[in-house]
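*Asks:* quick one, structure for this:
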Amino acid sequence: MITPEQVQQCMARYVELVDAGDIDGIVALYAADAVVEDPVGKAPISGIAAIATFYREGLGKTKASASLTGPVRATVNGCGAMPFRVDLNWGGQLCSIQVIDVMEFNADGKIRSMKAYWSDANLELRGEA
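*Replies:* Numbering: from 1, shown residues only. Below you'll find the predicted structure:
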């Protein structure tokens with residue numbers, strides 16, 4: 001079983017990889033049968049190939065930066081949650097999105113589920129790019 005410290009490290013690493021725009025690195029954190037719901041309420045994305053496409057077509061087409069805005073919280077049963085901010089150019093508009101991600105990990109330390117909690121209510125427009 002993955003430890004709370006490993007959950008914290010992996011989730012912090014996820015934000016670092018988002019900040020670096022390292023799509024391959026992000027995808028490598030996921031289990032082959034993982035499910036992503038980003039944002040919560042959209043249809044879940046299942047399987048590593050679909051998850052890779054999701055990141056390449058979304059994050060991969062923007063110059064996003066990301067940073068933790070609080071500590072990663074971790075449980076003893078392989079789950080964690082973290083608040084972070086993503087700054088990006090969204091269709092010619094500079095914006096910041098405040099996000100909370102909740103992740104569940106498998107015994108191998110890979111993400112098996114990721115849910116991103118955000119909506120337009122968490123979007124701050126900062127002007128034109």
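*Asks:* ok, for Thr69, nearest residue in space, not its chain neighbours?
*Replies:* Of all residues not flanking Thr69 in the chain, Pro83 sits nearest, at 4.7 Å (C-beta to C-beta, 6 or more residues apart in numbering). Every residue, glycine included, has its C-beta placed from N, CA and C.
*Asks:* that neighbour: neighbour count?
*Replies:* 15 (other C-beta atoms under 10 Å).
*Asks:* which helix or which strand is home to it?
*Replies:* strand 79-90 (DSSP states H and E).
*Asks:* buried stuff in that strand?
*Replies:* Cys79, Gly80, Ala81, Met82, Phe84, Arg85, Val86, Asp87, Leu88 (16 or more other C-beta atoms under 10 Å).
*Asks:* just those residues now: which is nearest Glu57?
*Replies:* Leu88 (13.8 Å; C-beta to C-beta).
*Asks:* tell me the bridge partners for that closest one.
*Replies:* Cys95 (DSSP bridges).
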